[in-house]
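Visitor: sequence first, then the predicted structure:
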Amino acid sequence: MLPDTALVRILTCEPPVAEAPALVAALDKLFAQFVREDRCSAWTVTVEVAGRAVVLAWEGAPLSGCSHDKINGVMGAFAPQALISPPILIEGACLMRGDLKRRLVAGEVAPTTPWWDVRVTTWAEWRRQPQELAQGWLWAHVQPPSTA
């Protein structure tokens, strides 16, 4: 089990990852190489939020740009959508800010909709999620205008 201080990288996927076991196996193989090269000492890879989030967590220093390039290569082979997916992850979708605003105004998304902050940097921060959309920092940027 990783400590709360383990670092994370979250990749959103829209459409959701179709071949999660193959992707996880390929990323596990890459992280095993990272351990052999002393880039990290332990890791976990999971596909969460109905396939819309690939969660990479590792113990050790921040990974180098070269390491992230290798991760992107694996993602490109198994889930290329993760390299271009919208960054806002809510229950049921990955969206751009404008799309989320439109869905809020249309009533398709509520302030209580579960939302995951993919900018988190530690394992503990990731595991404390989701939160309600209106409870996070994003709400100030997408809140519909008041109709009062």
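Guide: That came through fine. Nothing here was measured: the structure is a model prediction, and the numbers come from that model.

Visitor: just checking, what packs against the helix or strand harbouring L30?
Guide: Element membership of L30 [criterion: DSSP states H and E] is helix 20-36. Where contact means 3 or more Cβ pairs under 8 Å, 6 or more residues apart in numbering; DSSP states H and E, helix 20-36 is packed against strand 42-48, strand 53-59, helix 65-78. C-beta: built from backbone N, CA, C; applies to glycine.

Visitor: what does the next helix or strand after the longest one contact?
Guide: Beyond helix 65-78 on the C-terminal side, the first helix or strand identified by DSSP H and E is strand 88-90. Residues lying outside strand 88-90 but in contact with it, judged by Cβ atoms under 8 Å, 6 or more residues apart in numbering, are 10, 12, 49, 52-53, 94-97, 100, 109, 113-116, 118, 133, 138.

Visitor: got it, and stretch 133-148?
Guide: Counting by Cβ under 8 Å, 6+ apart, residues outside stretch 133-148 touching it are 88, 90, 97, 100-101, 104-105, 109-115, 117.

Visitor: list the buried residues of it.
Guide: L133, A134, G136, L138, V142 (16 or more other Cβ atoms under 10 Å).

Visitor: likewise stretch 39-56?
Guide: Neighbour-count burial for stretch 39-56, with 16+ other Cβ under 10 Å as criterion, is recorded at 39-40, 43-45, 47-49, 51-56.

Visitor: state the mean pLDDT of that stretch.
Guide: Across stretch 39-56, pLDDT averages out at 98.

Visitor: please apply the same query to stretch 81-97.
Guide: 95.
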